[in-house]
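Asks: here is my input; please provide its structure:
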Amino acid sequence: MADPQFYVPSRRYTAGEIATLAGAVLADDTLAGNEISSLAAAEDGGAGALVYVEKGRHARLLDTLTAAAVLCPVELVSRVPAGIAALTTSAPALAFADIAGIVCPTAASPQPVTGETGLSPAAHIAADALIEPGAIVEAGAVIGAGAAIGRGTIVAPGAMIGPGCQIGRDGYVGASASIVASLIGDRVIIHAGARIGQDGFRFMPSPRGLKKMPQLGRVVIQDDVEIGANTTIDRGALSDTLIGEGTKIDNLVQLGHNVRIGRHCAIAAHVGVSGSVVIGDFVMLGGRVGIADHLKIGDGVHIAAASGVMHDIPAGQKWAGLPAQPAKDWFREVNMIRKLAGNKARKGNRDV
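Replies: Residues are numbered from 1 along each chain as shown. Presented below is the predicted three-dimensional model:
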């Protein structure tokens, strides 16, 4: 039995066509007719494959490359094996991502699981829900009273959209995801099992034990956000939890109540952000970062994986460690400890 291929090109392309679509320059016009039948990593390649190679250690892959075409910087053209079309660009990985979205469109945007093209009779849709023509609601989904779903949005099997929630156009709500007390913009992708808008975690000590503080706020998610599988985003206590435009959140992330995240941030898996944290624009959080409550993280901050943040971080800084501190200070301390232990400092890239 042949291995299944879940995502294949919508059609075959030539190297010349790929160069035009990517805004790249074909180094040798005689190879413009090389046919592209698949996309692959440079390590794997194969006849008919389009791959990409960047400068640095990645460039060594050209020595044994098998492919129809390669996206690469102009400085590497001389190392491309004969017969492989070199498509030169200053950002090969970015160009490859653009091409992958064109060549394999179903991989770039989730599709209906059941092939449904409208409102499934096996979905439960409240009589007063507002669903624009062109939206898709699959079998087993639940749409609550007064909810609104925009044109082109797909609600997958078993997903639940709570009363009064609003979801914009051309979005996706994955299987078994649940959304309550939320306003969601256009082109938002929410993967399977995500939980959005549930109670925040706040209990007040009392002589009789812990008293629950009712959570009266909302979750507001702006346009072009992507939220990974099984991520949880709590609604605000009295104000809103906010996810800014273009932010991308990995699987298994926890965001507490009243958290406010800026635009175009990247948050890797297992990050935990405590309540009322404010995160600026273009911030990057590595996997397993933890941030204590009520802190402020400035624009453009990078925080290394597994760091524990206990203090505000000014804009533009790189922090690492537990407890987190400026990355240069943390690396200096680590090297000192290694020397005390009799170990030599390790060589390599020390960028966060």
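Asks: from here on, contacts and neighbour counts on C-alpha atoms
Replies: OK.
Asks: so where is the stretch 201-350 of the chain shaky, pLDDT-wise?
Replies: Along the stretch 201-350 of the chain, segments meeting pLDDT under 70 span 344-350.
Asks: for the one residue sitting closest to the centre of the chain, list the residues it contacts.
Replies: What sits nearest the mean C-alpha location of the chain, by Cα atoms, centre = their mean, is residue 248, with 3.8 Å. Shown in contact with residue 248 (Cα atoms under 8 Å, 6 or more residues apart in numbering): 225-227, 264-267.
Asks: by neighbours, which of these wins?
Replies: Neighbour counts for the contacts of residue 248 (other Cα atoms under 10 Å) peak at residue 227, which has 27 neighbours.
Asks: looking at it, that one is touching residue 251, isn't it?
Replies: Yes. When contacts are counted by Cα atoms under 8 Å, residue 227 is listed as touching residue 251 (7.3 Å).
Asks: now find how far off-centre the one helix or strand residue 330 maps to is within its chain.
Replies: Assigned by DSSP states H and E, residue 330 falls within helix 327-340. Centroid separation for helix 327-340 versus its chain: 32 Å, with Cα atoms, centre = their mean, to the nearest Å.
Asks: got it, and stretch 57-64?
Replies: Using Cα atoms, centre = their mean, the offset of stretch 57-64 from its chain centre is 28 Å.
Asks: same check on stretch 169-177?
Replies: Worked out by Cα atoms, centre = their mean, stretch 169-177 lies 15 Å from the chain centre.
Asks: and for that stretch, what's in contact with it?
Replies: With Cα under 8 Å, 6+ apart, stretch 169-177 has contacts from 110, 149-160, 185-195.
Asks: next, count neighbours for the nearest residue to residue 68 once chain neighbours are set aside.
Replies: Using Cα to Cα, 6 or more residues apart in numbering and skipping residues adjacent in sequence, the residue nearest residue 68 is residue 48, 4.7 Å away. Other residues lying near residue 48 total 22 when counted by other Cα under 10 Å.
Asks: look up how far residue 117 lies from residue 178.
Replies: In this view, residue 178 and residue 117 are 21 Å apart by Cα to Cα, to the nearest Å.
Asks: the more surrounded of those two?
Replies: Using other Cα under 10 Å as the criterion, residue 178 and residue 117 rank with residue 178 on top: 23 against 13.
Asks: who's the more buried one bridged to?
Replies: With DSSP bridges applied, residue 178 shows beta-bridge pairing to residue 160, residue 195.
Asks: that one touches residue 159, doesn't it?
Replies: Yes. Using Cα under 8 Å, residue 178 makes contact with residue 159 at a distance of 5.8 Å.
Asks: what sits against residue 162?
Replies: Applying Cα under 8 Å, 6+ apart, the residues near residue 162 are 142-145, 147, 178-181.
Asks: cutoff 7 Å now
Replies: 143-144, 147, 179-181 (Cα atoms under 7 Å, 6 or more residues apart in numbering).
Asks: what residues go with each domain of the chain?
Replies: Per automatic domain parsing, the structural domains of the chain span 13-108, 124-328.
Asks: report the separation between residue 169 and residue 18.
Replies: As judged by Cα to Cα, residue 169 and residue 18 stand 30 Å apart.
Asks: could you check which of these two has the larger neighbour count?
Replies: Neighbour comparison, residue 169 and residue 18: the larger count goes to residue 18, with 25 against 20 (by other Cα under 10 Å).
Asks: are we agreed that that one is in a helix?
Replies: Yes. Residue 18: assigned to a helix according to DSSP: H, G, I helix; E, B strand; the rest coil.
Asks: for it, which non-adjacent residue is closest in space?
Replies: Leaving aside its chain neighbours, residue 18 sits nearest to residue 99 (7.3 Å; criterion: Cα to Cα, 6+ apart).
Asks: equivalent analysis for residue 28, please.
Replies: Using Cα to Cα, 6+ apart and skipping residues adjacent in sequence, the residue nearest residue 28 is residue 85, 6.8 Å away.
Asks: quickly list what that neighbour is bridged to.
Replies: Beta-bridge partners, per DSSP bridges, of residue 85: residue 69.
Asks: in the chain, which spans are helices?
Replies: For the chain, helices defined by DSSP state H occupy the ranges 15-22, 92-103, 105-108, 327-340.
Asks: so which elements touch the shortest one?
Replies: The criterion is 3 or more Cα pairs under 7 Å, 6 or more residues apart in numbering; DSSP states H and E, and there are no helices or strands that helix 105-108 contacts.
Asks: which parts of it are buried?
Replies: 105-106 (16 or more other Cα atoms under 10 Å).
Asks: one more: the longest one?
Replies: For helix 327-340, the neighbour count (16+ other Cα under 10 Å) marks 327, 330-331, 335 as buried.
Asks: now do the contacts for residue 53.
Replies: When contacts are counted by Cα under 7 Å, 6+ apart, residue 53 touches 42, 59, 70-72, 92.
Asks: can you pick the most crowded of those residues?
Replies: Going by other Cα under 10 Å, residue 71 tops the contacts of residue 53 with 30 neighbours.
Asks: how close does that one sit to residue 62?
Replies: Distance, residue 71 to residue 62, using Cα to Cα: 11 Å.
Asks: same check on residue 304?
Replies: Residue 304 is 31 Å from residue 62, where distance means Cα to Cα.
Asks: from residue 177, how far out is residue 233?
Replies: Noted for residue 233: a distance of 12 Å to residue 177, by Cα to Cα.
Asks: need the overlap of contacts for these two.
Replies: With Cα under 7 Å, 6+ apart, residue 233 and residue 177 have common neighbours residue 195.
Asks: all set now, cheers.
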